[in-house]
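Colleague: Build the 3D model from these lines:
(2 chains)
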Amino acid sequence: MITISHLAKKFAVDNPKKLSEQEQQDPRLNGKFFHSVQDVSLTCEKGEVVGLLGPNGAGKTTTLRMLSTALKPDSGDIQIDGNSVVTKPLLARKAIGFLSGATGLYGRLTGRENIEYFGQLHGMSKRAIDTKIDELADVLELHTFLDRKCDNFSTGMKQKTAIARAVIHDPSLVVLDEPTTGLDIMAAQTVLNFINGLKEKRIPVIFSTHHLGEVAELCDKVTVINNGRTVFNDSLANFKALAPDSLHQAFLTTLSGK
Amino acid sequence: MWKVFLKELKEVVRDKKTMFFMILLPLLLFPVIIGGVAYFSSKAAEDAQNEVLRYTLINARAAPELADTIQQAKGFEQVELADGVEIRQWVKEDNVDFVLEFPQGFVTDPLQSGEHRLQLYYNGAGFNAIKSRLEKLIDPIATSAQRNAFASINISEEQQKVLITPISLEEINVADSRENIGEVIGGMVAYVVFILCLQGGMIPAADLGAGEKERGTLETLLISPIDRNKIVFGKFLTIAVAGVTTALITVLSMAIWGVIAGQGLAIEAISSFLDAIDVLDLILVFLMLIPVVAIFSALLLSLSIYAKTFKEAQGYMGPLVIFVIVPVILAAMPGIELEGVWAWVPLTNVALAMKELIKGTMDYYQLIGIFVSTAIIAGLLLGFCVHWFNKEKVLFR
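Modeller: A predicted model of the protein is given here:
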């Protein structure tokens, strides 16, 4: 179980005058600091898929980066199965599989070498890595291009390889930051199938997205973040209930704070 | 750490661009460039020797013997001066290659006339061998005139020599050939090796830091359960290895091509010089290189991880070359020795120490001090690099 409670993160701004007009009007800008995330809380039980929604710049990526230990929160806490990510980042790193739409691969290495490298970084044995790659290659249909250099991969191939890389160490939690953004329909579908697969295995997934269709299809719970604060955090059914006809309307309702 | 190192190395080796700069360029292109320069400059000198020179003699009747010699000589072609043209104008307009003017009352016997000045007009813009070719013709006549003059006043050949140079300085250089050549080559070695180490590390460094940011692989790497220090050390080592490899390959290539090109006399000088250098000194030269390469690698990696893109990283690294060149050029300048202040200037002291080692005049105790101080700087820079790898502001700019 994952619990994120009252998370906050601010970034120093070198010169506030240089920011765009829109950024200057953001209520989160306070003096020399931009309070990107102010108060975000959410929970994710075993086997649940949580959809993280919010406008651009709402603080979704920052939240997920704190969850994945890339950033250190200023206050608040994140607990995975009772262990604090903030005080024991290594535990979280071992437990989490992370993937974003912008995640790249090492172009001069083959798909297999890319996956192997991260397996090694996770301290896996050669045999364990080989077995796992075979298994993943079957599931994700990687066999035809696994031993070619990633530079020549199509977007779909890259995304499949990136998925395999993210779960090579059998993570107990998968974090996806806009995993379908910028992908074509086929590649996006690969990601969605993969999330479904995780759901069947009862591995919790937290993912951020702009596609409400994906939310309706996959999520058990929905969390909406606006201006760095959680404005909605409940089940999908309750989210839909906000506006029975349209998910978009429901989303807008949460933003308006009614 | 080794996992990171091996993977980075694999990537570097597979990068054609890096490999080109690291191996192919020094191995093939440098010899071609150096050989090309040598070929064309020697060809230009040869052409100047063989070219037919057009000339005009003024007042040739005054010195029939000299005029005759020039007229008889091969590779000279006489042109008459056009009426009413000034000599300078005549040469400038490229009617002739030179004009030789004999003074009035020219007599070959020096006892009768004193010194004669022949005036040689030529266009000195551009490479030519006019003076040396003319002297070859005039000198025998002058010498024989001199000898005749001496003979006419009954001075023996012994006395002649003394009269011509009454006092002479005989130079006795106590420096052995190693010290002499070492002074020249030693300064060059540090210069070439330093720059190459930096240059060789640059492209891999840009790729290892900023490149990862640009491709979006850095975040995944940072959240994998491996110590940040290990990531930094792995990358740092890769850059160092790339730098040293580039430098070694280039120096080797220059040595091999130098031996091939410098057959005969040159080979003797080179081989006797190489014989004179102890293996120990050579090993020490490479040992001194280690902290220097460490400094470069740490600097390059720090700049690279700060930059947002590959391009930005290269932009930061360019000026670094100047910061390295200045202290090394200082060391290569004559008169700057490894003493006093210079022994404490970073990089300059290492370059000077390398020179001393090659010359064979190194004070080994001083070497320890230089090595340690350079190593400390390298350690501090590496520490800074690790610090930057832990800063969110640097990683997620």
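Colleague: Enumerate residues external to the one helix or strand B:V162 maps to that contact any of its residues.
Modeller: B:V162 belongs to helix B:157-164 when assigned by DSSP states H and E. Residues from elsewhere that reach helix B:157-164 (C-beta atoms under 8 Å, 6 or more residues apart in numbering or on different chains): B:R147, B:F150, B:I155. In short, each C-beta sits where N, CA and C put it, glycine included.
Colleague: near chain A, which residues of chain B?
Modeller: Taking C-beta under 8 Å from any C-beta of the partner chain as the contact definition, chain B meets chain A at B:3-4, B:7, B:10-11, B:14-15, B:215-217, B:219-226, B:392-393, B:395-396.
Colleague: Just the buried ones from the residues you listed?
Modeller: Of the members of these, the ones counted as buried by neighbours, 16 or more other C-beta atoms under 10 Å in any protein chain shown, are B:3-4, B:7, B:10-11, B:14-15, B:215, B:217, B:219-226, B:395-396.
Colleague: Next step: the contacts of helix B:157-164 restricted to helices.
Modeller: When DSSP state H is applied, these are split such that B:R147, B:F150 fall in helices.
Colleague: Most neighbours of all the contacts of helix B:157-164, which one?
Modeller: Neighbour counts for the contacts of helix B:157-164 peak at B:F150, which has 18 neighbours (criterion: other C-beta atoms under 10 Å in any protein chain shown).
Colleague: Not counting sequence-adjacent ones, nearest residue to that one?
Modeller: Nearest in space to B:F150, with sequence neighbours left out and distances taken as C-beta to C-beta, 6 or more residues apart in numbering or on different chains, is B:Q160 at 5.0 Å.
Colleague: To what extent is that neighbour buried, counted in neighbours?
Modeller: 14.
Colleague: what does the helix or strand harbouring A:T62 rub up against?
Modeller: Taking DSSP H and E as the criterion, the element that holds A:T62 is helix A:60-67. By C-beta under 8 Å, 6+ apart, the list of residues contacting helix A:60-67 from outside reads A:2, A:4, A:7, A:9, A:36-37, A:40, A:52-54, A:71-73, A:78, A:85, A:92, A:96, A:98, A:100, A:175, A:177-178, A:206, A:208, A:225, B:219, B:396.
Colleague: swap in stretch B:10-26?
Modeller: Residues outside stretch B:10-26 that contact it (C-beta under 8 Å, 6+ apart) are A:106, A:108-109, A:113, A:149, B:196, B:199-200, B:203-204, B:207, B:238, B:242, B:245-246, B:249-250, B:253-254.
Colleague: quick one: contacts for B:Q119?
Modeller: Contacts for B:Q119 (C-beta under 8 Å, 6+ apart) come out as B:L100, B:E101, B:P103.
Colleague: Tell me the bridge partners for it.
Modeller: Bridge pairing for B:Q119 (DSSP bridges) gives the partners B:E101.
Colleague: Distance of the nearest residue to B:A332 once chain neighbours are set aside relative to B:I195?
Modeller: Across the structure, with C-beta to C-beta, 6+ apart as the measure, the residue nearest B:A332 apart from its sequence neighbours is B:G187 (3.5 Å). For B:G187, the distance to B:I195 (C-beta to C-beta, to the nearest Å) stands at 13 Å.
Colleague: Same check on B:I34?
Modeller: Look at B:I34 and B:I195: by C-beta to C-beta, they are 16 Å apart.
Colleague: does A:A102 sit in a helix, a strand or a coil?
Modeller: Reduced to three states with DSSP: H, G, I helix; E, B strand; the rest coil, the structure at A:A102 is coil.
Colleague: Which single residue of chain A ends up nearest chain B?
Modeller: In chain A, no residue comes nearer to chain B than A:G104, which is 3.6 Å away by C-beta to the nearest C-beta.
Colleague: Give the next helix or strand downstream of the helix or strand encompassing B:A351.
Modeller: B:A351 is part of helix B:348-359, with elements assigned from DSSP H and E. For helix B:348-359, the succeeding helix or strand toward the C-terminus, using DSSP H and E, is helix B:364-389.
Colleague: What helices and strands are in contact with that next one?
Modeller: Judged by 3 or more C-beta pairs under 8 Å, 6 or more residues apart in numbering or on different chains; DSSP states H and E, the packing partners of helix B:364-389 are helix B:228-261, helix B:279-306, helix B:348-359.
Colleague: can you give me the angle it makes with helix B:228-261?
Modeller: 130 degrees (axes from the mean of the first three to the mean of the last three C-alpha atoms, to 10 degrees).
Colleague: Could I get the buried residue list for helix B:364-389?
Modeller: By neighbour count with 16+ other C-beta under 10 Å, helix B:364-389 contains the buried residues B:366-367, B:370-371, B:373-374, B:377-378, B:381-382, B:385-386, B:388-389.
Colleague: downstream neighbour of it in the secondary structure list?
Modeller: With elements assigned by DSSP H and E, the helix or strand that comes after helix B:364-389 is helix B:392-395.
Colleague: roughly how far is that next one from the heart of the chain?
Modeller: Offset of helix B:392-395 from its chain centre (C-alpha atoms, centre = their mean, to the nearest Å): 42 Å.
Colleague: got a list of contacts for it?
Modeller: Outside helix B:392-395, the residues that reach it (C-beta under 8 Å, 6+ apart) are A:F11, A:A12, A:A70, A:L71, A:K72, B:K213, B:L218, B:L222, B:I305, B:Y306, B:W388, B:F389.
Colleague: out of the residues you listed, who's nearest A:L218?
Modeller: Looking at the contacts of helix B:392-395 and their distance to A:L218, the nearest is A:A70, at 24.2 Å (C-beta to C-beta).
Colleague: okay but the closest one is in contact with B:L222, surely?
Modeller: Yes - with contact defined as C-beta atoms under 8 Å, A:A70 reaches B:L222; the gap is 5.5 Å.
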